[in-house]
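S.K.: I would like to see how this sequence folds:
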Amino acid sequence: MFDMISQRLVLSLAGALLLVSPAAVPAQQPKPPAAKPPAEQAAPAAKQTPATAPRAGAAATAAKTPLWTLKVTKKTPISMTLSSKNGQLSEIAAEMSKRLKVPVILTPLMQKQRITQAFEAMPLEGALRLLAPQVYVDYELSGDGAQPKPIGIYLQGMNEQPPAEASVVKGDSEAILIEGNTEDGMEATNVKDEDRSPLRVTVEKNQLSVKARKQPLTAVLYEIASKVDIPFEMKYESTELVDVDFNNFTMEQAVRTLSPNIRLYQRTNLTSYEVRPLRLVLVSPANNQQTTKM
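M.R.: Coordinates of the predicted model:
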């Protein structure tokens, strides 16, 4: 009897242990962490991608790309092609000077300026007007009929003082001419008579009128320079005689009428188109096809 009770107790204990065994209660094991959504799993990989690399490359490419390009055609008439996006004007002017072989002078104000412009095959004067509010150009004109040649360019701000007249055009000397009566038999009282005077030069409203009867070219040029109030320089002593009579000529027309050995230097204000003569030079016939070095 006692043995039967013992066996039942052992069986009951074994059943209880079986009920609390881990193998019997798998549901009580801790659940594994839930899988993260695909987007969250991909996020770390996205952070590791060097996304800034393309941007850095683009910045480097942009840094190497110039802000402006310039092309100059030196054939007459001179033309320019420019594409500039916030380009430094001083850099553009330096390149322009190099290609034209002409000094391009900027005031301190204009040296700080940046420009955004785009034009193609534009004549020099029109292109320069797009680069600065006020532009001056010094020209050399020859009596042999050649096209005026720019020898100095000035880029300035509005209302700035004009550049000095001798900024580019500089001479070696100024002629001093001693004149006398060049026609025999004329009395002193008659020399003052304009109708009979062998040389008469008048200037009115920038127009030149000259009457010369077999007068030395040097005397005529000296008188013109005196009336216009500019220096006259002789590179050689000419024996050429002049016999002309014209009225209301521009300085350029007068030079081309008198002799191919004359060089006229003048400045044009491209804003107002005012022309100011600077210097008159007589060169030797050997330099007829060459420009005067100033």
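S.K.: Poorly predicted segments of the stretch 1-150 of the chain, please.
M.R.: Along the stretch 1-150 of the chain, the parts satisfying pLDDT under 70 run over 1-64.
S.K.: If you could redo that for the stretch 151-294 of the chain, that was the one I meant.
M.R.: 173-196, 287-294.
S.K.: could you pull out the strands for it?
M.R.: 199-204, 207-216, 232-234, 241-249, 262-269, 274-282 (DSSP state E, counting those that start in this stretch).
S.K.: quick one, helices of the stretch 1-150 of the chain?
M.R.: With DSSP state H, counting those that start in this stretch as the criterion, the stretch 1-150 of the chain has helices at 2-19, 38-48, 52-64, 89-100, 108-111, 124-129.
S.K.: Identify each buried residue in stretch 83-97, please.
M.R.: Neighbour-count burial for stretch 83-97 flags Ser83, Ser84, Gly87, Gln88, Leu89, Ser90, Ile92, Ala93, Glu95, Met96 (criterion: 16 or more other CB atoms under 10 Å). Backbone N, C-alpha and C define where each C-beta goes, glycine included.
S.K.: Stretch 228-245 too?
M.R.: So for stretch 228-245, counting by 16+ other CB under 10 Å, buried means Val228, Ile230, Pro231, Phe232, Glu233, Met234, Lys235, Ser238, Val242.
S.K.: Mind listing residues that contact that stretch?
M.R.: 171-175, 203, 208, 210-218, 220-222, 224-226, 251, 257-259, 261, 277-284, 287, 292 (CB atoms under 8 Å, 6 or more residues apart in numbering).
S.K.: again, only using 6 Å
M.R.: Defining contact as CB atoms under 6 Å, 6 or more residues apart in numbering, one finds that stretch 228-245 is touched by 171, 174-175, 210-212, 214-215, 217-218, 220-222, 225, 277, 279-284.
S.K.: Go ahead and build a ChimeraX selection from the buried members of those residues.
M.R.: One line in ChimeraX is enough to select the buried members of the contacts of stretch 228-245, burial here meaning 16+ other CB under 10 Å:
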select :171,175,210,211,212,215,217,218,220,221,222,225,277,279,280,281,282,283
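S.K.: Please look at Trp68 and Gly87 and confirm they touch.
M.R.: Yes. Contact criterion CB atoms under 6 Å: Trp68 and Gly87 qualify, at 3.4 Å.
S.K.: hmm, back to that, will you turn the buried residues of stretch 83-97 into JSON lines that also has distance to Met158?
M.R.: Formatted as JSON lines, these follow (distance: CB to CB, whole Å):
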{"residue": "Ser83", "distance to Met158": "25"}
{"residue": "Ser84", "distance to Met158": "20"}
{"residue": "Gly87", "distance to Met158": "20"}
{"residue": "Gln88", "distance to Met158": "20"}
{"residue": "Leu89", "distance to Met158": "15"}
{"residue": "Ser90", "distance to Met158": "18"}
{"residue": "Ile92", "distance to Met158": "19"}
{"residue": "Ala93", "distance to Met158": "18"}
{"residue": "Glu95", "distance to Met158": "24"}
{"residue": "Met96", "distance to Met158": "21"}
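S.K.: which of those lies closest to Leu130?
M.R.: Nearest to Leu130, judged by CB to CB, of the buried residues of stretch 83-97 is Ser84 at 10.0 Å.
S.K.: Once you drop chain neighbours, what's closest to that closest one?
M.R.: Closest residue to Ser84 apart from its sequence neighbours, by CB to CB, 6 or more residues apart in numbering: Trp68 at 3.7 Å.
S.K.: which ones are touching the one you found?
M.R.: Ser84, Gly87, Ile92.
S.K.: and if we set it to 7 Å?
M.R.: Applying CB atoms under 7 Å, 6 or more residues apart in numbering, we find Trp68 in contact with Leu82, Ser83, Ser84, Gly87, Ile92.
S.K.: Out of the residues you listed, give me the two with the largest separation.
M.R.: Applying CB to CB across the contacts of Trp68, the maximum distance is between Ser83 and Ile92, 10.6 Å.
S.K.: what sits up against stretch 210-220?
M.R.: By CB under 7 Å, 6+ apart, stretch 210-220 touches 177, 179, 182, 198-201, 224, 234, 238, 240-246, 254, 258-259, 282.
S.K.: cool, stretch 90-102 as well?
M.R.: Here stretch 90-102 has contacts from 68, 70, 72, 74, 84, 103-104, 106, 111, 150-153, 155, using CB under 7 Å, 6+ apart.
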